[in-house]
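Asks: Give the three-dimensional model of this entry:
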Amino acid sequence: MNLDALKKASRLRHKNNYEDYRYGNLEEEFQDTIKNYVKIFWEGKNSEFLENHKINYQDSEITLSQAVLMLRKEIRRLAHANSLGCTFLFQAEHYYISLLPCQIHVMIDKETGCFSITLPHFSPKQFFYYEWQSGLQWIQDYLNIDLLILEEKKQNFKAMMYINSKTAEIAMASIRSLCEKQAEKLNAKYRVQSSWLMSNISFYREGNTYESDRIKDNNDYEFKEISKIELFHIVISHKSFVKDPSILINLLENPHDMIIENTVNCKIN
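Replies: Presented below is the predicted three-dimensional model:
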């Protein structure tokens, strides 16, 4: 069956069980997914990074003008060493220095020598002029993570997640077909919500089960109908499914709690 026929058949069979969550084109979704991955990465690193920079080294021998000069010189050196762009802007009261494309911004007060450093994912950090070495270390340690550790992780993540649009369409149709067959076996219902990169699968039963909740104000009970009883929930990346469909097939036939990072997440109720 060619792709167009497969898509058409899939729409006819599953129009009541499927929601298309794709937006824009695949590249837009992929870039947003990368941004979210980076955000989650830094959220996990935040506390450790701040703890490692709790104490600032104080250079008691340096003068204000020397500190400002050294700070500007060493930031330029950091930019060159890490192949980054470095821009300078001089205004009446401040020097502004930016490292690009990392979006690291430094503002130096000309009168006091105090400076602030703004890093992505962190609040601006303030330094006195005699803490210039700690300010540089703050930038260098961030770059060591962002340009080395994180960059490698991003490349691995991209390799695990990226899929072309044609293959994504085939993966979505195949996933829906597998879900339909398994729903018939289980005498259950299912719902698939798909974006370009992922499918979110839920199997459930409908019934007239009731539960009661005690009302806080008195001893009465409030009864409400449970319209859906979820059996299990699976989130799977289309790239992983294309690479090894047996991951999803096995989970549909024998659902159990399982997490494989950037691949699949299954939870039973």
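
Asks: mind listing the strands for the stretch 51-200 of the chain?
Replies: 85-90, 94-100, 104-109, 115-118, 125-127, 189-194, 198-205 (DSSP state E, counting those that start in this stretch).

Asks: Ok, which of these comes nearest S60?
Replies: Closest approach to S60 among these (CB to CB): strand 125-127, 14.8 Å. (Each C-beta comes from the backbone N, C-alpha and C, glycine too.)

Asks: List the strands paired with that closest one, with their directions.
Replies: Sheet pairing of strand 125-127 (DSSP bridges) gives strand 115-118 (antiparallel).

Asks: which residues are contacting the strand it pairs with?
Replies: The contact list for strand 115-118, computed with CB atoms under 8 Å, 6 or more residues apart in numbering, reads 71, 104-109, 124-127, 129, 132, 135, 138-139.

Asks: Just put the strands of the stretch 51-200 of the chain in TSV and tack on mean neighbour count and distance to L64.
Replies: Shown next, in TSV, are the strands of the stretch 51-200 of the chain (neighbours: other CB atoms under 10 Å; distance: least, CB to CB, whole Å):
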stretch	mean neighbour count	distance to L64
strand 85-90	12	17
strand 94-100	17	13
strand 104-109	20	10
strand 115-118	19	11
strand 125-127	17	13
strand 189-194	19	59
strand 198-205	20	54
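
Asks: Quick one: closest of those to N46.
Replies: strand 125-127 (12.7 Å).

Asks: How about D109, nearest residue that isn't a chain neighbour?
Replies: Of all residues not flanking D109 in the chain, H94 sits nearest, at 6.0 Å (CB to CB, 6 or more residues apart in numbering).

Asks: Just to check, that neighbour is in contact with V106?
Replies: No. Counting by CB atoms under 8 Å, H94 does not reach V106; the two are 9.9 Å apart.

Asks: Name the surrounding residues that touch stretch 234-242.
Replies: 160-163, 167-168, 170-172, 174-175, 196-202, 247-248, 251-252, 255, 260, 262-266.

Asks: ok, 7 Å please
Replies: 160-163, 167-168, 171-172, 175, 197-201, 247-248, 251, 262-266 (CB atoms under 7 Å, 6 or more residues apart in numbering).

Asks: what's around N250, how many residues?
Replies: Neighbour count for N250, taken as other CB atoms under 10 Å: 14.

Asks: cool, and the one 3 residues further on?
Replies: The burial count assigned to E253 is 11, neighbours taken as other CB under 10 Å.
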